[in-house]
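Participant: What would the 3D arrangement of this be:
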Amino acid sequence: MSERRPTVLRRDILKIGGATLLPLASILGLTAPIQRAHAGARAFESNSFDRAQAGLLLSVARTLFPHDFLPDKQYMKIVAVLDAKAAADKSVAMMVGAALGAFPDDFATMKEAKREDYLRTLEGSPFFRLVYQETLVGLYGDPAVSTLLGYEGSSVEHGGYLKRGFDDISWLPTNKPLLK
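Facilitator: Below is the predicted model:
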């Protein structure tokens with residue numbers, strides 16, 4: 001008769017960890033970026049957008065690529081790039097201004113699912129493509145964000161992944177060889 005081991009799924013671990021860590025993160029103030037959704041938009045110096053438009057673009061960027069642990073300043077860098085593009089090209093400024101003017105007044109305060117639904121209606125539009133592309137490149141091309149996401153950087157100069165990080169997976173059993 002074989003001994004049956006209990007199955008623990010990754011999802012179960014995440015549920016337990018989330019239920020334990022979220023209150024702790026709240027106590028330590030790590031959830032503050034969620035509560036300060038438009039704090040960064042107030043300090044933004046714009047050439048093309050007013051404060052409300054900058055706050056709306058911040059909400060759009062956060063909705064497209066939501067990382068609650070990232071501070072608003074990371075997303076405001078994207079708004080600054082969009083502002084620079086709009087300042088350099090009046091057609092971009094008009095297109096973004098018109099798209100933002102059509103947004104619901106309460107977009108920033110809507111539940112996330114409703115914001116996502118609204119943005120889905122804009123998919124394929126020049127506005128959506130521009131904001132999506134700038135947010136994608138602006139977030140994941142930023143070394144500060146990569147560090148916050150846990151990317152340890154290039155390993156080429158450290159001997160490659162075989163010598164750095166290949167076998168640092170802590171959840172694999174240690175008594176069985178990975179390769180035979």
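
Participant: phi, psi of D117?
Facilitator: The phi and psi values for D117, taken as degrees, to the nearest 10, are phi -60, psi -40.

Participant: same check, this time on K77
Facilitator: Phi and psi for K77, reported as degrees, to the nearest 10, are phi -60, psi -40.

Participant: Going by neighbour count, which residues of the helix or strand harbouring A52 are buried?
Facilitator: Assigned by DSSP states H and E, A52 falls within helix 51-64. Neighbour counts using 16 or more other CB atoms under 10 Å place Q53, A54, G55, L56, L57, L58, S59, V60, A61, R62, T63, L64 of helix 51-64 among the buried residues. Every C-beta, even on glycine, is put in place using the N, C-alpha and C of the backbone.

Participant: how about low-confidence regions in the protein?
Facilitator: 1-44, 161-180 (pLDDT under 70).

Participant: Helices of that one, residue ranges please.
Facilitator: Applying DSSP state H to the chain gives helices spanning 10-28, 32-35, 39-42, 51-64, 72-88, 90-101, 112-122, 126-140, 143-148.

Participant: who wins for proximity to V156 among these?
Facilitator: helix 143-148 (15.6 Å; CB to CB).

Participant: got a list of contacts for the closest one?
Facilitator: H67, F69, L70, Q74, L139, Y140, G153 (CB atoms under 8 Å, 6 or more residues apart in numbering).

Participant: All set now, cheers.
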